[in-house]
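S.K.: Build me a structure from this.
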Amino acid sequence: MNIVPIVRKAKLKDIDESLEDITYWLARSPQERIAAVTKIIRLSVDQGKKMDKTHVVRRKLRL
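M.R.: Sure thing, here's the model as predicted:
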C-alpha cells in the first residue's frame with residue numbers, strides 16, 4: 001500500500017482546517033478518539049510522573 005501525498009498550496013493565514021478536523025474526528029469511533037487523547041497525554045507527561053489533575057472539574061450530567 002503506497003501513501004499518496006496530497007499537496008495544497010495556500011498562504012497559512014488563509015487556511016482554516018477546523019471543519020476538516022472536526023469531520024475527521026467525528027468519523028472515528030469513540031475508542032479511536034480516546035486512544036488518540038490518551039496518546040497525546042502520554043507524550044506530554046514526563047516518564048514516571050503522573051498527570052496533574054488539579055484543574056479537572058467534575059460535574060454531574062443532568063438528563
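
S.K.: Now the helix or strand hosting Leu26: average pLDDT?
M.R.: Using DSSP states H and E, Leu26 falls within helix 18-27. For helix 18-27, the mean per-residue pLDDT is 92.

S.K.: For that helix, report the contacting residues that lie outside it.
M.R.: Applying C-beta atoms under 8 Å, 6 or more residues apart in numbering, the contact partners of helix 18-27 are Arg33. In this view, the C-beta of every residue, glycine as well, is placed from N, C-alpha and C.

S.K.: Any chance you could list what contacts the following helix or strand past that helix?
M.R.: Following helix 18-27 in sequence order, the next helix or strand is helix 30-44 (DSSP H and E). When contacts are defined by C-beta under 8 Å, 6+ apart, helix 30-44 is touched by residues Trp25, Arg28, Met51.

S.K.: possible to save the residues you listed as JSON lines with neighbour count and distance to Asp16?
M.R.: Converted to JSON lines, the contacts of helix 30-44 look like this (neighbours: other C-beta atoms under 10 Å; distance: C-beta to C-beta, whole Å):
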{"residue": "Trp25", "neighbour count": "11", "distance to Asp16": "16"}
{"residue": "Arg28", "neighbour count": "12", "distance to Asp16": "21"}
{"residue": "Met51", "neighbour count": "10", "distance to Asp16": "31"}
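
S.K.: Going by distance to Arg62, which of these wins?
M.R.: Proximity of the contacts of helix 30-44 to Arg62 (C-beta to C-beta) peaks at Trp25, which lies at 25.5 Å.

S.K.: Good, we can wrap up now.
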